[in-house]
Every structure is written in structure tokens, then in C-alpha cells.
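A.B. asks: What follows is a predicted protein model with its sequence.
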Amino acid sequence: MNATDYLNRSALYRKLVYGPYREFAGVYAAKMSNEGLSRHCTWRSLSLFRDLMDWHVGNGHAPQDLSEVHVDRFLEHRFKHWKPDSGDRSALRRLLLALREKGLIPAALPILRSEHEKIVDAFGQYLSTERGLAAATMGSHKLLSLRFLREVCPLGVDGFAALTPQTVIGYVERHALDGSADSGKAMCGVVRAFLRYLHLKGFISMPLAGCVPSIRRWRLAGLPTFLPPEKVQKVLDACDRTTAMGRRDYAVLMILAKLGLRASEVSNLNLDDIDWQSGTILVHGKGRRQATMPLRHDVGTALVAYIRHGRPASACRRLFLRTLAPHVGFTSGSAITWIAKQALEQADIEGYAHHGAHLFRHSLATDLLRSGASFAEIGQLLRHRRPSFAIAAMCLSL
């Protein structure tokens, strides 16, 4: 049962539309109905709306004054008495958006950013526009840069003059072992990039990027794990293709296993990226690089089955959509990784160092190498700039 069917039968909704918050309730219900939310989600959202408005008005506020500040205070109060639900905050964000679209509450106030945050925001914009970094990568760079800036320059711009090589080295020494060797190496890379940016923009006069120590990490010390072809097929066969979700997951896994795409590349695919006449697919890779790849017949068959019999009706042009309303594309490759992990668990595939989307990419490369493909051919298929992974795959076959 969807939101529209539920609202036609709901006693809770009838009470709300004849109550003191009738206009707000009607707008919110229409929003949920248009997005095709499920019965349970609609009921929970309306219950949450009623509790919010009772608390808001009960504390002496006018309904028209509702804002993020009041929502945060309400949730803080609510969580003291009830177990929080993961969907509460998103449901109330949907409420505020619906009310603002109809002009029932004021627009959101601009968020005041600290000096540190403004500098890091500008750095993030530079990474996006000038370096072509993906949104997820840019976000992680911003978090690490903000942490660095707050610790070594607590006074903001006024503290840049005091930055020295010893300050930078000391920061790395304190935090290099906070996580794994890989995370420490990544942190050093971000600090270098941030220091280069600060020097480029004139925040610091001394080029300090070269002062960042290197963390030794032997190349190919940890070889990628892979699945033999029969286990890849076992994962594919375990998908329940009688359901809409099963058809979607099967199509996702086929792209991972047969084309070797990264999780983020799969999540970013659009309907317009598939050229059915020429049998090709346009892949949006790292650093805004694009590549046209041949679309295998078996992969195309899986996509057609999903698009015709599994993909929800939606204005969103993303190829793969959420099965639960609102039917929109995934925000990142994390959802694709989750699909891969669930499929591996369902097929009882255990004993591997990694359980995720990249395991299928490694498996494809290893299978190609064992079938006689050259390093250059594998690198071209997987769109690698360096043949390091092909060498790793070769080592695995020995």
C-alpha cells in the first residue's frame, strides 16, 4: 500500500486535516503521496509530524516559526523518552522542504561558517573545479584539512605566519598512527595538497608541502583478493530475479563482474549513458574522465530486464534507483558496495579479505590475465593509468 491509498483510509490523517495544523498536514501528505512513500513510512511521518507540532506549539511557538533549530530541539527532547528511529530526521527534513515550497514557513537561515570552515570550503571548491575530484573524495579531503587547520592554526588566518616545518612534521607524527598505514598515507597526501593550496593562494609564504613526511607502504605488499569464475557465477545465480530488487541487484552485479566498473561508476550511470544501437555504455570515471565501453550482450539483457520489470517509475535519470520511495538514484557508491556485500553473504562466499564491489573488479582482472590477456589490455579495460594492478593480478596467478 502506498501513501495515497493509506491517506484515503487513515484515521490519523483525518484527525490532522481537521485539526489546528490542517494546512501543514495537507501539504506534507501531498508531498509524501507525490513521492510514493510506503504506508508504514507515511504513518510514521504523520505521527512524528503530530508530535512535533504539539511540542512546538506547546512551547509557545507559532506554527509558522518552525525551523531546523526547533526540529533539532524536538528530536533532542524526543530521544530522551523514545528510542530514535533512523528515518526521523529525514522525515522532518522532508516536512520543512514541503512547507517552504508552499511558502508556509520562512526560508532557511544561512549557516554561519567559521573562518576555518570558509578556508576549507574554498579548498573543496578548488579541488572540485580545478582538480576534478569527486564529491565523496572532496568531502574526505575537507574533513582531514579542517582537522589539520584547527589543530595547527587555532587562531585562523592570524596563525598562518607561525606555521613552520616543525609544526607540520609534529602534526603528522601525532596522527600518522591514528588508523592503518593506508589511512596515514592518505592523511599525508591531503595535508600536502592543502599546504600547496594555501601557498598558491597566498595564505602562507613558505612552501611547506615538501615538509610532510612520507609513510612507507610497500607496493603490492597486500595483494587484492579475487573470486574464481565459478564463485562469481554462484553469486550471480543466488540473485532472486523474480523480484524488482533482485533484478536491480543482478544487473548491478553483472556490471561489476563483467565490465569491472567501480562502485561509484555504477551508481553514477544514467539512462542516457547507454547507447543501445551501438551497444556501448559511457562510464564516468575518476577525475571526470569518461570512457565508452562495449556493452556485453549478457549485461545488456540484465539491464533490459531491470528497466522493463524492476525499475520504478521516476523522473530521475539515474539508471539504478532506490526500491523504496522516494525513487531516486544512490547518493554514492556505498549503496553499490552494500549490494555486493549482501550478494556475497547470500551466496555464502566467505574467507576473503574484502567483501565488496571491488572484489569483482579484481576477479575480472585476474581471470583475464589467466586467460592470456596482456597487462595493456587489462589496464585499458579497467581504465588504469598505471599497470600496477595488472602486475598484482599476475602475482596472484603464480
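C.D. replies: On my side now, so go ahead.
A.B. asks: Strands of the protein, start to end?
C.D. replies: Taking DSSP state E, the strands of the chain run over residues 274-275, 280-284, 290-294.
A.B. asks: What is the second one packed up against?
C.D. replies: Spelled out, that is strand 280-284. Packed against strand 280-284 by the contact rule (3 or more CB pairs under 8 Å, 6 or more residues apart in numbering; DSSP states H and E) you find strand 274-275, strand 290-294. All C-beta atoms are positioned from the backbone trio N, CA, C, and that covers glycine.
A.B. asks: Distance from the chain centre to the first one, please.
C.D. replies: The chain centroid and the centroid of strand 274-275 are separated by 24 Å, computed with CA atoms, centre = their mean, to the nearest Å.
A.B. asks: Direction included, what does that strand pair up with?
C.D. replies: Counting by DSSP bridges, the strands paired with strand 274-275 are strand 280-284 (antiparallel).
A.B. asks: CA atoms only: put the strand it pairs with into CSV for me.
C.D. replies: In CSV, the C-alpha atoms belonging to strand 280-284 read as follows (Å, rounded to 0.1, in the frame of the first residue of the first chain):
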residue,chain,number,x,y,z
THR,A,280,28.1,0.8,-25.8
ILE,A,281,28.0,2.4,-22.4
LEU,A,282,29.5,5.7,-21.2
VAL,A,283,31.4,5.4,-17.9
HIS,A,284,32.1,8.4,-15.8
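A.B. asks: Do me a favour and average the pLDDT over that strand.
C.D. replies: Across strand 280-284, pLDDT averages out at 94.
A.B. asks: contacting residues around that strand?
C.D. replies: Here strand 280-284 makes contact (CB atoms under 8 Å, 6 or more residues apart in numbering) with 259, 261, 265, 268-269, 273-275, 290-295, 383.
A.B. asks: quick one: buried residues of it?
C.D. replies: Residues of strand 280-284 classed as buried: 281, 283-284 (neighbour count, 16 or more other CB atoms under 10 Å).
A.B. asks: what does stretch 182-190 give?
C.D. replies: Buried residues in stretch 182-190, defined by neighbour count with 16+ other CB under 10 Å: 184, 186-188, 190.
A.B. asks: Just give me the closest of those residues to residue 86.
C.D. replies: Nearest to residue 86 among those: residue 186, at 28.5 Å, using CB to CB.
A.B. asks: Show the pLDDT at the closest one.
C.D. replies: At residue 186, the pLDDT value in this model is 90.
A.B. asks: Please determine how far it is located from residue 141.
C.D. replies: The gap separating residue 186 from residue 141 is 9 Å, by CB to CB, to the nearest Å.
A.B. asks: ok so, going back, out of the buried residues of strand 280-284, flag the one nearest to residue 362.
C.D. replies: Using CB to CB, these come closest to residue 362 at residue 283, 17.7 Å.
A.B. asks: And that closest one, how far from residue 368?
C.D. replies: For residue 283, the distance to residue 368 equals 17 Å [CB to CB].
A.B. asks: Go through the buried residues of strand 280-284 and say which is closest to residue 28.
C.D. replies: residue 284 (35.5 Å).
A.B. asks: can you pull the contacts of residue 138?
C.D. replies: 124, 127-128.
A.B. asks: should've said residue 5
C.D. replies: Going by CB under 8 Å, 6+ apart, residue 5 touches residue 39.
A.B. asks: Please apply the same query to residue 48.
C.D. replies: When contacts are counted by CB under 8 Å, 6+ apart, residue 48 touches 88, 91-92.
A.B. asks: how many neighbours does residue 229 have?
C.D. replies: The number of residues packed near residue 229 is 15, by other CB atoms under 10 Å.
A.B. asks: got any ranges where the chain has weak pLDDT?
C.D. replies: Residue ranges of the chain with pLDDT under 70: 1, 217-224, 353, 385-398.
A.B. asks: Dead centre of it: give me the residue that sits there.
C.D. replies: Centroid-nearest residue in the chain, with CA atoms, centre = their mean: residue 332, separated by 2.6 Å.
A.B. asks: Show me which of the contacts of strand 280-284 are buried.
C.D. replies: 259, 261, 265, 268-269, 273-274, 293, 295, 383.
A.B. asks: In those residues, find the pair that's most separated.
C.D. replies: The distance between the two most remote of these (CB to CB) is 17.6 Å, for 274 and 383.
A.B. asks: which stretches of the stretch 201-350 of the chain form helices?
C.D. replies: Using DSSP state H, counting those that start in this stretch, the helices of the stretch 201-350 of the chain run over residues 229-237, 244-254, 263-267, 297-309, 334-346.
A.B. asks: what's the closest of the ones you listed to residue 355?
C.D. replies: Across the helices of the stretch 201-350 of the chain, the minimum distance to residue 355, taken as CB to CB, is reached by helix 334-346, at 5.1 Å.
A.B. asks: what angle do the closest one and helix 244-254 make?
C.D. replies: 100 degrees (axes from the mean of the first three to the mean of the last three CA atoms, to 10 degrees).
A.B. asks: Can you list the helices and strands that helix 334-346 packs against?
C.D. replies: Against helix 334-346 (3+ CB pairs under 8 Å, 6+ apart) you get helix 229-237, helix 244-254, helix 263-267, helix 357-370.
A.B. asks: nearest to residue 149, of those?
C.D. replies: Among those, if distance is taken as CB to CB, the winner is helix 263-267, at 27.0 Å.
A.B. asks: residue contacts, the closest residue to residue 176 other than its chain neighbours?
C.D. replies: Leaving out its chain neighbours, the residue that sits closest to residue 176 by CB to CB, 6 or more residues apart in numbering is residue 184, at 4.3 Å. Residues in contact with residue 184 (CB under 8 Å, 6+ apart) are 175-178, 215.
A.B. asks: and which of the buried ones among the contacts of strand 280-284 is nearest to residue 24?
C.D. replies: For the buried ones among the contacts of strand 280-284, the nearest to residue 24 is residue 268 (36.3 Å; CB to CB).
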